[in-house]
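**Student:** Build me a model:
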Amino acid sequence: MTDFSGKLANLPQEERSTILADMVEKMARERAMEIAGRLLDIHPALVENYFVKARLRAALEDHDLREDVAIPDLSPDDIRGIRKAISRSLKDFQSKFGIPARTMEGWEQGRRKPDAVALILLRIIEADPSAVRNALTGRMGTSPIVR
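**Tutor:** Below is the predicted model of the structure:
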């Protein structure tokens, strides 16, 4: 490891930064896959939600949609309203969409703020909860609009 550190120290700052960023990204991906594997044993819907968020995040980054799409802002009351329109309880919402009840509770009480991907997912759930459920349960192509 010392040999690598020495070689790294001799590189220009920009190249060092790129190499270190790539290493951190690779380690983060590996750790995320490890965590996802553990979660699969605990609750498959949580893993599915994780991958839905990961795909949304990748789409935002790959296509530079952050600049083209206004990320919806939701107040704690808006978040509570979305959840209550679909589910009576936090646990029911969790079982339908894989968003942990404690996470929703934190958002609804304003103690935590959802990130951009979570905000988009909440707006999609609000617009068409059955499409999200179908995507999460693998029943793609079935829509209440198409009978």
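
**Student:** ok, Val117 to Glu14 distance?
**Tutor:** Noted for Val117: a distance of 29 Å to Glu14, by CB to CB, to the nearest Å. In short, each C-beta sits where N, CA and C put it, glycine included.

**Student:** no no, Pro114
**Tutor:** The gap separating Pro114 from Glu14 is 34 Å, by CB to CB.

**Student:** Between these two, tell me which one has more neighbours.
**Tutor:** The neighbour count for Pro114 versus Glu14, taken as other CB atoms under 10 Å, is higher for Pro114 (18 against 8).

**Student:** Look at that one and give its secondary structure.
**Tutor:** Of the three states, Pro114 takes coil according to DSSP: H, G, I helix; E, B strand; the rest coil.

**Student:** contacting residues around the closest residue to it other than its chain neighbours?
**Tutor:** Counting by CB to CB, 6 or more residues apart in numbering, the nearest residue to Pro114 once its immediate chain neighbours are dropped is Trp107, at 5.4 Å. Residues near Trp107 by CB atoms under 8 Å, 6 or more residues apart in numbering: Pro76, Ile79, Lys113, Pro114, Ala118.

**Student:** Helix, strand, or coil at Trp107?
**Tutor:** Under three-state DSSP, the three-state class of Trp107 is helix.

**Student:** buried sites along stretch 122-133?
**Tutor:** Neighbour counts over stretch 122-133 (16 or more other CB atoms under 10 Å) mark Leu122, Ile124, Ile125, Glu126, Pro129, Ala131, Val132 as buried.

**Student:** Any idea how many residues pack against Gly106?
**Tutor:** 16.

**Student:** Relative to Asp115, how far out is Leu121?
**Tutor:** On the measure of CB to CB, Leu121 and Asp115 end up 10 Å apart.
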